[in-house]
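predicted model follows, preceded by the sequence.
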Amino acid sequence: MVIKVKVYVDLVVLLNFCLDFLLLLCVCLILRRNVKIYKIALGALTGAISIIFLFINISSLWLFLLKIIISFFMIFTSFGYKNIEYTINNLVYLYLLSIILGGGLYFINDCFSYKNSGLIFFNNGFSINWLIIIILTPIILYIYVKISKKQKEVLSSMYEVSITLLNRKTINLTGFLDTGNNLVDPYKRRPILIINKNVLKKYSPRCILVPCKTVNNESMLRCFKIKKIVINGKKIEDEVLVGISDNNFNLEGVDLLLHKKIIKGDMKYEKDN
């Protein structure tokens, strides 16, 4: 029995162009590439035209190799060539986004095309068509780009911090650079870091009260001295105070809020041995 299938090549090329354009645009946004939109469109067009290889009788291995070569052409056309690391990063994110998009669409199709009776699953005859793909693709990629950029910003502000207390006990913490933290004690103008009290556990330091302003009113912050602090492998020579926060920080995995002077480089560092 011969089954005839009608394929609209122009529609396939258009759909492929739209998907490639969105993928390349997301690579541009995530990696912050400064390129013109028409170059991204040309890169997408390069990928879209390659759809003709599907109608040529070649082996799966050759088709796979051709797809990799075409991916390089898409990257070169869209972003140009600066160095090998730049190109590889572009290519890796293109494939990563393709996998995420493909997995997302497969999952949605799987959810809608199958229903179950107990533990038995069967196809209900429904599958997502090209129109639904065009609608869902930008939504899936937008969610990923949004989450990725937010996570990138948070991670860029995180530091590995090691604090040695006066009892010589050392605790390793995850610090977050809070640019809004400009607290200093009025006595010696020492910067104040804010620590989650749960990190201290049974340690009861000798505290001094430092006046500080909050959004609503003024209050007194309990602060204590430390023996040494090391941030990202560098010891801070300047003396700092550590203030105790009774509330948990609204940041996952963060134990300590660092002072804004750290980002400005106003503090003296020495390499910790």
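Thanks, I have it. Numbers count the residues shown, from 1 in each chain.

for the host helix or strand of Tyr144, name the packing helices and strands.
According to DSSP states H and E, Tyr144 maps onto helix 130-156. On a contact count with 3 or more CB pairs under 8 Å, 6 or more residues apart in numbering; DSSP states H and E, helix 130-156 meets helix 9-31, helix 84-113. From N, CA and C alone the C-beta is placed, and that goes for glycine too.

tell me which helix or strand comes right after that helix.
Next helix or strand after helix 130-156 toward the C-terminus (DSSP H and E): strand 158-164.

got the buried residues for that next one?
158-159, 161-163 (16 or more other CB atoms under 10 Å).

what's next to that strand, contact-wise?
When contacts are defined by CB atoms under 8 Å, 6 or more residues apart in numbering, strand 158-164 is touched by residues 170-177, 226-233, 242, 254-256, 258, 262.

lowest average confidence, helix or strand, in this protein?
Lowest mean confidence among the helices and strands of the chain (mean pLDDT, DSSP states H and E): strand 120-123, at a mean of 47.

tell me the angle of the helix holding Tyr144 relative to helix 9-31?
10 degrees (axes from the mean of the first three to the mean of the last three CA atoms, to 10 degrees).

list the buried residues of helix 130-156.
Within helix 130-156, the residues scored as buried using 16+ other CB under 10 Å are 133, 136-137, 140-141, 144-145, 148.

could I get those residues as TSV with pLDDT?
Listed next are these as TSV, based on pLDDT from 0 to 100:
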residue	pLDDT
Ile133	70
Leu136	76
Thr137	77
Ile140	79
Leu141	81
Tyr144	81
Val145	82
Ser148	79
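
which among those residues gets closest to Asp246?
Nearest to Asp246 among those is Ser148, at 33.5 Å by CB to CB.

pretty sure that closest one contacts Leu31?
No: look at Ser148 against Leu31 with CB atoms under 8 Å: they stay out of range, at 10.1 Å.

so this structure: which segments form each domain?
Split into domains by automatic domain parsing, the chain comes to 9-114+130-156, 158-271.

pull the distance from the last one to the chain's centre.
The reference is to domain 158-271. Put simply, domain 158-271 sits 26 Å off its chain's centre (CA atoms, centre = their mean, to the nearest Å).

pLDDT value on Ser127, please?
Ser127 carries a pLDDT value of 54.

same question but for Leu251, I mixed them up
Leu251 carries a pLDDT value of 70.

does it touch Val154 like I think?
Yes: using CB under 8 Å, Leu251 is in contact with Val154, at 7.3 Å.

mutual contacts of these two, please.
Contacts common to Leu251 and Val154, judged by CB under 8 Å, 6+ apart, are Phe176.

Asp238 contacts Pro191, correct?
Yes: using CB under 8 Å, Asp238 is in contact with Pro191, at 7.4 Å.

who has more neighbours out of those two?
Neighbour totals were compared for Asp238 and Pro191, and Pro191 leads with 21 against 12 (other CB atoms under 10 Å).

which residue, neighbours along the chain excluded, lies closest to the more buried one?
Distance criterion CB to CB, 6 or more residues apart in numbering; nearest residue to Pro191, sequence neighbours excluded, is His259 at 4.0 Å.

before we move on, what about Leu177?
Here the residue nearest Leu177, using CB to CB, 6+ apart, is Ser157, at 4.4 Å.

make sure I have this right: Val242 is in a strand.
Yes: Val242: assigned to a strand according to DSSP: H, G, I helix; E, B strand; the rest coil.

what about it, neighbour count?
Val242: 20 neighbours (other CB under 10 Å).

separation between it and Met158?
Remark: distance between Val242 and Met158 (CB to CB, to the nearest Å) = 18 Å.

most centrally placed residue in this structure?
Centrality entry for the chain: nearest residue to the mean C-alpha point is Ser148, 3.1 Å, by CA atoms, centre = their mean.

contacts only, for the residue nearest to that one when sequence neighbours are not counted.
With CB to CB, 6+ apart as the criterion, Ser148 has its nearest non-adjacent residue at 5.5 Å, and that residue is Ile30. Ile30 is in contact with 93, 145, 148-149, 152, counting by CB under 8 Å, 6+ apart.
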